[in-house]
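Visitor: can you look at this prediction? I've put the sequence above it.
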Amino acid sequence: MSDELKRCPFCGGEPKVFYHNNKFFGETVHIECLDDNCGCGTCHHDSKAIAVTVWNRRLPLGLQTEIDYLESEIGERDDKIDLLNHANQELQSDNARLREALKPFAELGFPYAVEAMGETNDR
């Protein structure tokens with residue numbers, strides 16, 4: 001597979017690869033046309049190879065091939081959502097344990113404990 005990008009399929013402009021990294025989805029890659037009047041671009045993908053393949057695609061794939069590809073993308077996103085949900089449950093459990101540990105201090109009137117109890121109860 002070549003990393004060479006074809007020109008924009010809509011305006012013929014130069015494309016550029018953009019790399020992103022965030023705590024929820026990790027590293028993603030997308031490609032955009034650099035022509036300000038165009039706006040053509042790919043979705044975010046897990047690898048440059050996938051983004052280049054999607055960008056360079058010019059002929060429509062068969063319906064089943066497209067369905068298979070989209071289902072695999074959905075499956076990958078579902079796996080990431082499951083990981084985030086699990087992490088969220090762990091954080092909620094940790095928060096509950098911390099609130100329990102702070103109760104005796106809040107009842108004694110320790111300012112930081114009272115303040116922390118108020119913050120955790122608001123969430």
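Guide: Cool, got the structure.

Visitor: quick one, helices of the chain?
Guide: Ranges of helices in the chain, per DSSP state H, are 48-56, 63-107, 111-122.

Visitor: okay, the angle between the first one and helix 63-107?
Guide: Our comparison of helix 48-56 with helix 63-107, counting by axes from the mean of the first three to the mean of the last three Cα atoms, to 10 degrees, yields an angle of 130 degrees.

Visitor: picking that back up, mean neighbour count and distance to K6 added to the helices of the chain, as CSV?
Guide: The way it works is simple: take the backbone N, C-alpha and C, and place the C-beta from them, glycine included. CSV is the format used below for those (neighbours: other Cβ atoms under 10 Å; distance: least, Cβ to Cβ, whole Å):
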stretch, mean neighbour count, distance to K6
helix 48-56, 17, 5
helix 63-107, 11, 19
helix 111-122, 12, 52
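
Visitor: got a markdown table for those helices, with distance to L34 and mean pLDDT too?
Guide: Shown next, in a markdown table, are these (distance: least, Cβ to Cβ, whole Å; pLDDT from 0 to 100):
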| stretch | distance to L34 | mean pLDDT |
| --- | --- | --- |
| helix 48-56 | 13 | 93 |
| helix 63-107 | 25 | 88 |
| helix 111-122 | 45 | 67 |
